[in-house]
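A.B. asks: This is a predicted model, with the sequence first.
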Amino acid sequence: MLDWKIAAAGVVIVIAASSVFLTGSGAGGLFSNVINQIQEWLESSPFGGLFASPLSEEKTVSIILFPSNFTLKPDDSINITADNINIMKFRGEINIDFEKESIEMQESDTNLVMQLPVGAVNISGLKFKHMLVEGMGFRVGNITSNNGSIEIFNFFGSGIINLNTLELKGNLTKLKINTEDETWELT
């Protein structure tokens, strides 16, 4: 009964080693879909952390958004700090109304709603796989736009809500920026 488990573990090790070799040798483009599926399976298997290695390198970035209203939907729980208020392990949606200078936080799967004033609110542990921001002003490094779009992939970091801006600071694997004049992509 134990023999098949040992054989299965051996197959998993061979597949994982092969995927590492293929991505490092330049043949990764040919087998990328297969390798991605194997990696997803390995991450969800009991062997989870043994073989998981990122296929994309993370980049550190600071993105400043100038919205009138904005909704953040983190993928995981976050910590929020404002003045003397500390909210730990909040899981839910954050609606920011910069015109009314109000933040409304709706906890997932409950009726709990919390309100804070806009200004010097820090969010730590902010994580999302994908976010598309369109039709608002923003600044990323020396790139600015009054009405462009930003597409963010695999972000992990923090957020700072000030009186009229939302700043996202952290790591991401890919960033697409469209301004009125040009398009940039950071991968």
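C.D. replies: Nice, thanks for sending it over.

A.B. asks: Contacts only, for the closest residue to Met131 other than its chain neighbours.
C.D. replies: Nearest non-adjacent residue to Met131, counting by Cβ to Cβ, 6 or more residues apart in numbering: Ile152, 4.6 Å away. The way it works is simple: take the backbone N, C-alpha and C, and place the C-beta from them, glycine included. Residues in contact with Ile152 (Cβ atoms under 8 Å, 6 or more residues apart in numbering) are Ile63, Phe128, His130, Met131, Leu132, Val133, Leu168, Leu172, Lys174, Leu175.

A.B. asks: Report the beta-bridge partner residues of the fifth one.
C.D. replies: Pointing back at Leu132 there. Glu151 (DSSP bridges).

A.B. asks: same deal with Asn122?
C.D. replies: Beta-bridge partners recorded for Asn122 (DSSP bridges): Thr81, Ile160.

A.B. asks: From Leu175, how far off is it?
C.D. replies: For Asn122, the distance to Leu175 equals 22 Å [Cβ to Cβ, to the nearest Å].

A.B. asks: Comparing those two, which residue is more hemmed in?
C.D. replies: Ranked by neighbour count (other Cβ atoms under 10 Å), Asn122 and Leu175 place Leu175 first, with 18 against 14.

A.B. asks: Quick check: the more buried one touching Glu151?
C.D. replies: Yes - Leu175 is within contact range of Glu151, at 7.2 Å (criterion: Cβ atoms under 8 Å).

A.B. asks: Helices of the chain, start to end?
C.D. replies: Using DSSP state H, the helices assigned to the chain run over residues 2-24, 28-44, 48-51.

A.B. asks: which intervals of this structure have sub-threshold pLDDT?
C.D. replies: For the chain, residues meeting the criterion pLDDT under 70 lie at 1-57.

A.B. asks: backbone phi and psi for Thr179, please?
C.D. replies: Per-residue torsions, Thr179: phi -110, psi -180 (degrees, to the nearest 10).

A.B. asks: Let the chain start at 848 from now.
C.D. replies: OK, 848 is where the count begins now, so the last one is Thr1026.
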